[in-house]
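>>> Here is the input, now give the coordinates:
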Amino acid sequence: MKRIIIAVSVLSLSLAVSLAQAPQGPPKPGAEQKRMTYFAGNWNSEGTMKESPFGPAGSFTGTEHTEWLPGGFFLVSHTTSKGSMGEMKGMAVMGYDREAKGYTYNEFDSMGQSMAAKGTVSGDTWTWTNDGKTPDGKAYKSRFIIKEASPTSYTMKWEAAFGGGAMQTVMEGKATRAAGAPKTTAAPKK
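Next comes the predicted model:
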């Protein structure tokens with residue numbers, strides 16, 4: 001009888017320790033995801049492209065709808081823009097990589113191009129970097145900088161270095177939250 005009581009006690013203690021260490025439900029978004037809430041909603045953008053291996057110079061306008069993927073870990077954006085190369089549609093996913101301790105941005109567009117960038121945020125400034133190839137195959141390094149001007153607007157600047165050269169401005173513009181649009185959509189809960 002003593003052995004049965006000891007065995008049941010050990011089993012109960014093991015079960016209690018296992019339950020205490022088991023995760024309680026699905027993971028929850030953290031402060032890094034909450035920081036991305038700034039971009040949720042509808043935006044209008046405008047700016048100018050400089051002549052570069054990405055295309056001719058000219059102005060552009062665009063719209064963007066960004067919302068949280070259920071779960072609150074990733075923002076999904078759908079964009080439409082018009083510029084010197086015609087109309088373009090795109091889709092992007094923004095998230096946070098806990099292991100790399102940095103933001104991620106993966107974009108795909110109707111011109112057959114894709115881009116994967118890594119990002120950081122410091123105060124009101126987001127900086128995204130990536131390496132890639134231009135449509136004609138030239139290697140480049142780029143930096144995309146977003147500065148939050150207010151809760152309803154931001155400025156943006158895209159710089160690139162081609163073939164190991166110095167960074168040069170490729171695009172400059174601004175975006176404003178669409179009138180009547182909610183500031184956020186389904187913010188992640190902590």
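
>>> contacts, neighbours, all on C-alpha from now
Noted.

>>> in this structure, which spans are helices?
2-21, 31-35 (DSSP state H).

>>> where are the low-confidence patches of this structure?
Per-residue confidence for the chain (pLDDT under 70) gives these ranges: 1-23, 180-190.

>>> The residue positioned nearest the centre of it and Met36: what is the separation?
Centroid-nearest residue in the chain, with CA atoms, centre = their mean: Met94, separated by 2.4 Å. Noted for Met94: a distance of 8 Å to Met36, by CA to CA, to the nearest Å.

>>> one step back: just wondering, since we're on the residue nearest to the centre of the chain, how far is it from Gln168?
The value you get for Met94 to Gln168, if CA to CA is used, is 25 Å.

>>> again, but for Gly72
On the measure of CA to CA, Gly72 and Gln168 end up 36 Å apart.

>>> Between those two, which has more neighbouring residues?
Gly72 (20 against 15; other CA atoms under 10 Å).

>>> Quick check: the more buried one touching Ala31?
No. Judged on CA atoms under 8 Å, Gly72 makes no contact with Ala31 at a distance of 11.2 Å.

>>> still on that earlier bit, what residues are shared contacts of Met94 and Met36?
Leu75 (CA atoms under 8 Å, 6 or more residues apart in numbering).

>>> picking that back up, look up the residues forming beta bridges with the closest residue to the residue nearest to the centre of the chain other than its chain neighbours.
Leaving aside its chain neighbours, Met94 sits nearest to Tyr105 (4.5 Å; criterion: CA to CA, 6 or more residues apart in numbering). Here Tyr105 sits in beta bridges with Met94, Ala117, going by DSSP bridges.

>>> where exactly do the strands run in this protein?
With strands called from DSSP state E, the chain shows them at 41-49, 58-68, 75-83, 86-97, 102-109, 114-122, 125-133, 139-150, 153-162, 168-177.

>>> want to try JSON lines for these, with distance to Gln24 as columns?
Below are the strands of the chain laid out as JSON lines (distance: least, CA to CA, whole Å):
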{"stretch": "strand 41-49", "distance to Gln24": "31"}
{"stretch": "strand 58-68", "distance to Gln24": "23"}
{"stretch": "strand 75-83", "distance to Gln24": "24"}
{"stretch": "strand 86-97", "distance to Gln24": "21"}
{"stretch": "strand 102-109", "distance to Gln24": "25"}
{"stretch": "strand 114-122", "distance to Gln24": "30"}
{"stretch": "strand 125-133", "distance to Gln24": "33"}
{"stretch": "strand 139-150", "distance to Gln24": "36"}
{"stretch": "strand 153-162", "distance to Gln24": "38"}
{"stretch": "strand 168-177", "distance to Gln24": "37"}
